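Asks: make a model of this:
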Amino acid sequence: MFTINDKHERSRPRSERKRNLYRLALADLDVRAALYACEEFIRLIKAWTEKKLPYTISNAFISSIVTCYSRPFVHTRKSTVGELPKSWHVFSEPRLRDAHQEMLRLRHELFAHTDASLHPMSIIPAGIDPGIGRPVPGNSWRIGSQLIPPWRVPDFRDTCKDLQTRLERAMTDLMEELYGKMDLPRRPFPLRFSEGL
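Replies: From the prediction side, this is the model:
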């Protein structure tokens with residue numbers, strides 16, 4: 001398990017620890033967004049009265065959940081703080097570890113890339129029922145994608161909760177370490193990646 005107050009972390013320069021605080025705060029923001037999307041999707045599923053939840057709605061929620069959750073774990077050229085260390089990929093329960101790995105896989109395979117092998121296109125001739133309840137009046141098309149079953153979302157939510165709780169604990173510890181014994185200004189001030197305040 002990753003602990004922020006270990007001896008190695010305290011021996012790092014203050015500027016590096018402040019950059020780590022920022023990395024944790026951004027990760028927390030993304031994971032909270034994924035958590036809230038999970039909770040709203042679960043609420044929608046419970047309240048849905050129609051026969052079947054449309055793929056487009058399910059896909060919109062799953063895409064949002066997976067994309068937000070994965071951001072802290074993915075290296076991008078535009079990132080100024082980098083991805084979370086490998087220790088944040090560790091979960092105490094296999095169910096949470098599996099959900100974590102699945103969300104990262106889905107991000108890489110389905111939502112981060114537009115690829116013909118992952119998103120095949122079909123032409124639907126006029127008058128054919130494409131499986132959404134009514135025949136199409138004219139020639140149409142659809143792009144297929146892997147369907148992610150909504151029953152996975154509670155596992156995604158629990159994984160987000162677990163990670164967000166650990167991130168918040170690490171940020172609280174690091175905030176105390178960086179600023180707990182300082183005489184701080186009586187107003188908000190910007191975080192600077194320096195050795196000072």
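Asks: in the protein, which spans are strands?
Replies: Per DSSP state E, the chain has strands spanning 121-124, 140-143. These are given in chain order.
Asks: report the buried residues of the first one.
Replies: Buried positions in strand 121-124, judged by neighbour count with 16 or more other Cβ atoms under 10 Å: residue 124. Quick note: C-beta positions are derived from backbone N, CA and C, even for glycine.
Asks: who touches stretch 81-88?
Replies: The contact list for stretch 81-88 (Cβ atoms under 8 Å, 6 or more residues apart in numbering) reads 1-2, 19, 22-24, 26-27, 72-75, 163, 166.
Asks: so of those, which two are at opposite extremes in space?
Replies: Spanning the widest gap among the contacts of stretch 81-88 are 1 and 75, at 22.9 Å by Cβ to Cβ.
Asks: re the thing from before, drop anything exposed from the contacts of stretch 81-88.
Replies: Counted by 16+ other Cβ under 10 Å, the contacts of stretch 81-88 give 19, 23, 24, 26, 27, 72, 73, 163, 166 as buried.
Asks: pick the one among those residues closest to residue 175.
Replies: Closest to residue 175, out of all of the buried ones among the contacts of stretch 81-88 and judged by Cβ to Cβ, is residue 24, at 9.6 Å.
Asks: what's the spacing between the residue nearest to the closest one when sequence neighbours are not counted and residue 160?
Replies: Nearest non-adjacent residue to residue 24, counting by Cβ to Cβ, 6 or more residues apart in numbering: residue 171, 4.8 Å away. Between residue 171 and residue 160 the computed distance is 16 Å (Cβ to Cβ, to the nearest Å).
Asks: tell me the phi and psi of the residue sitting furthest away from the middle of the chain?
Replies: Distance to the chain centre peaks in the chain at residue 127, reaching 40.4 Å (criterion: Cα atoms, centre = their mean). Here is the backbone geometry of residue 127 (degrees, to the nearest 10): phi 90, psi -10.
Asks: for the residue nearest in space to the middle of the chain, what are its contacts?
Replies: When Cα atoms, centre = their mean is applied to the chain, the residue found nearest the centroid is residue 69 (0.7 Å). Taking Cβ under 8 Å, 6+ apart as the criterion, residue 69 is in contact with 30, 31, 34, 103, 107, 156, 159, 160.
Asks: perfect, I'm done here.
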